[in-house]
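# no sequence on this one, just coordinates:
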């Protein structure tokens, strides 16, 4: 995603910040204030946008990937912005270029510190905690909070800001292999603290001021949404996305962000922003953030209409949907098994594209937020459209053995090194599928039996380690233990529907 994070994301932040800052300079001529306002309004709400994406199950769609790329860069852009604010306030006589130069140097030092500390210090520390505390969760939680508070205090002590320290602490912990454990430790606090953050912002809002400035707030909110939507849409089209996806991403990211509250609050405290202007900006950001779900729904509707009017063929639609993907997974057949694979991949944040020949399934699952396209994986044109030369693996989950063999023949002819996982009912004809090009075969009946057997063993008190060992023993060598009993195959051929 680096092309979209550093390319699309950087252009979005810079373009939006420059346009907004230029407008502020034309209105009141305050260059210092224009930098804070331009940078603050260029950011979108990571918390709200990611929540909308999660609820709409669109993490693996193109507009979801665009939003994630842009938000990642915006989070990185917060670092220099938080550094610039106190510099602008403390160096009013210094030139703007000098202040920006100092900010850049401090940002570089901060990032180098993050890299060095994350690589050298935190790993041994978390390793020691993990080895000593066993199943006790209090120590990792306490250590994570200590790192956050220490980093926040250190950045404020050196003339930066508390918010920058908190951000640095997050990156520090994320640089370690214990980030998942740390995330699980602080997860119960996440929603609580986020809600507390928004409540503290809300308590600073004066209802009388909203009433007195309602026309100004609505005008600024509408202007911000339109400007950011146009900029992001144009940049997405420039990067090769179709108009529907580009407009959807533009509307999804058109609001202000929670970091704007911090930037404008710092600007007001340091005297860079007048109190009246800062309050209007905070209310504008609040208003646009409140409209995020509505803007996301509007973007989805407009995207669907635009895509229908493009007159693209099925192959062109697939190619447009996969053109930004590399190292992804292809799921051929999107029934219950294919959908379960998709859910597992989504849980780990792995990109995928699903194919199915059934129009009803494609329409239904697309409406549910899954990236499903109509296509036949046995056709070479379809494989090229999904970027088969760039994928990590392909899963064939169809029930039809003839279709699976036909697909394997095409895949092995053009992509002989591709990892292909095949779902079969059992292993009676496994050799034919291995010879046809299957890399791994998952026998449905055997796996169901293993899961049921494992559950029974768990109920009677067998340890999880022993259960996993037994499962691994059966799976090794293509379920050689199960296949040793010749009667098993005979029973499978004469399976009764009685039970």
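Okay, I see it. Just so we're clear, the structure is a prediction, and the values are computed from it rather than from any experiment. Numbers count the residues shown, from 1 in each chain.
# and the residue lying closest to residue 268 once chain neighbours are set aside, what does it touch?
Nearest residue to residue 268, sequence neighbours excluded (CB to CB, 6 or more residues apart in numbering): residue 278, at 3.9 Å. In this view, the C-beta of every residue, glycine as well, is placed from N, C-alpha and C. Residue 278 makes contact with 264-265, 267-268, according to CB atoms under 8 Å, 6 or more residues apart in numbering.
# Which one of the residues you listed sits in the busiest neighbourhood?
Neighbour tally across the contacts of residue 278 (other CB atoms under 10 Å): the maximum, 26 neighbours, falls on residue 264.
# what does the average pLDDT come to for the helix or strand containing that one?
Assignment of secondary structure by DSSP states H and E places residue 264 within helix 258-269. Averaged across helix 258-269, pLDDT comes to 86.
# which residues touch it?
Helix 258-269 is contacted by residues 33, 36-37, 39-41, 43, 45-47, 74, 78, 81-82, 85-86, 161, 163, 197-198, 201, 273-275, 278, 281-282, 285, 289 when judged by CB under 8 Å, 6+ apart.
# re the thing from before, from the contacts of residue 278, which single one is nearest residue 473?
residue 265 (60.3 Å; CB to CB).
# how close does the closest one get to residue 421?
Going from residue 265 to residue 421 by CB to CB, to the nearest Å gives 52 Å.
# sec struct for residue 353, please.
Here residue 353 is strand, with the state taken from DSSP: H, G, I helix; E, B strand; the rest coil.
# wait, what's in contact with the residue sitting nearest the centre point of the chain?
The centre of the chain sits closest to residue 68, judged by CA atoms, centre = their mean, with a distance of 4.8 Å. Counting by CB under 8 Å, 6+ apart, residue 68 makes contact with 1, 50, 53, 59.
# between the residues you listed, which has the most around it?
Counting neighbours by other CB under 10 Å, residue 53 leads the contacts of residue 68 with 22 neighbours.
# Run through the stretch 351-499 of the chain and note the low-pLDDT ranges.
Within the stretch 351-499 of the chain, the stretches with pLDDT under 70 are 477-499.
# Could you rerun that using 80?
Residues of the stretch 351-499 of the chain meeting the criterion pLDDT under 80: 475-499.
# cool, and the stretch 51-200 of the chain?
With pLDDT under 80 as the threshold, the stretch 51-200 of the chain has low-confidence stretches at 57, 60, 79-80, 82-144, 154-169, 171-172, 174-191, 194, 197-198, 200.
# Kindly recompute the last result at 70.
Looking at the stretch 51-200 of the chain by pLDDT under 70, you get 89-104, 106-107, 110-111, 114-115, 118-119, 130-137, 158-161, 177.
# what mean pLDDT does the host helix or strand of residue 234 have?
Element membership of residue 234 [criterion: DSSP H and E] is helix 214-238. Average pLDDT, helix 214-238: 93.
# likewise stretch 289-306?
Summarised as a single mean, pLDDT over stretch 289-306 is 89.
# Other residues contacting that stretch?
Under CB under 8 Å, 6+ apart, the answer for stretch 289-306 is 45, 48-49, 52, 56, 63, 221, 225, 242-245, 247-252, 254-258.
# Now the buried members of those.
Burial by neighbour count, judged by 16 or more other CB atoms under 10 Å, picks out 45, 48-49, 52, 56, 63, 221, 225, 242-245, 247-252, 254-258 from the contacts of stretch 289-306.
# one step back: list only buried entries from the contacts of helix 258-269.
Taking 16+ other CB under 10 Å as the criterion, what is buried in those is 33, 36-37, 39-41, 43, 45-47, 74, 78, 81-82, 85-86, 161, 163, 198, 201, 273, 278, 281-282, 285, 289.
# Domain-wise, how is the protein divided?
Here the domain parsing of the chain from automatic domain parsing is 2-308, 314-424.
# just so I have it, where are all the strands in this protein?
329-332, 352-356, 372-374, 393-396, 419-424, 440-443 (DSSP state E).
# Next, format the ones you listed as CSV and append mean neighbour count and distance to residue 170.
Formatted as CSV, these follow (neighbours: other CB atoms under 10 Å; distance: least, CB to CB, whole Å):
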stretch, mean neighbour count, distance to residue 170
strand 329-332, 26, 29
strand 352-356, 24, 27
strand 372-374, 22, 34
strand 393-396, 22, 32
strand 419-424, 20, 35
strand 440-443, 18, 38
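# Quick check: which of the ones you listed is nearest to residue 23?
Each of these has some distance to residue 23 by CB to CB; the shortest is strand 352-356, at 40.7 Å.
# Regarding this structure, what is its longest helix?
helix 62-90 (DSSP state H).
# now that helix, how far from the centre of its chain.
16 Å (CA atoms, centre = their mean, to the nearest Å).
# Repeat that for stretch 271-289.
The answer for stretch 271-289 is 29 Å, by CA atoms, centre = their mean.
# try stretch 341-353
Counting by CA atoms, centre = their mean, stretch 341-353 comes out at 11 Å from the chain centroid.
# do stretch 360-369 as well
Its chain's average C-alpha position is 21 Å from that of stretch 360-369, according to CA atoms, centre = their mean.
# what's that stretch in contact with?
Identification of contacts with stretch 360-369 by CB under 8 Å, 6+ apart yields 56-58, 61, 334-335, 339, 354, 356, 372-374.
# ok, and for it, which residues are buried?
361-362, 365-366, 369.
# those helices in the stretch 101-250 of the chain, which residues are they?
Secondary structure of the stretch 101-250 of the chain by DSSP state H, counting those that start in this stretch: the helices cover 122-133, 138-157, 162-174, 179-203, 207-212, 214-238, 243-252.
# so who does residue 340 touch?
With CB under 8 Å, 6+ apart, residue 340 has no contacts at all.
# pLDDT score for it?
pLDDT, residue 340: 91.
# Contact partners for the closest residue to residue 312 other than its chain neighbours?
Spatially, and ignoring its direct neighbours in sequence, residue 312 is nearest to residue 320 (7.1 Å; CB to CB, 6+ apart). Residues near residue 320 by CB under 8 Å, 6+ apart: 241-242, 245, 312.
# pretty sure residue 418 is touching residue 395, no?
No: contact status for residue 418 versus residue 395: not in contact, 11.3 Å apart, counting by CB atoms under 8 Å.
# got any residues that touch both of these two?
Overlap of the contact sets of residue 418 and residue 395 (by CB under 8 Å, 6+ apart) is empty.
# distance of residue 28 from residue 171?
35 Å.
# Those two: which has the busier surroundings?
residue 171 (18 against 11).
# Count the residues that sit near residue 429.
Using other CB under 10 Å, residue 429 has 13 neighbouring residues.
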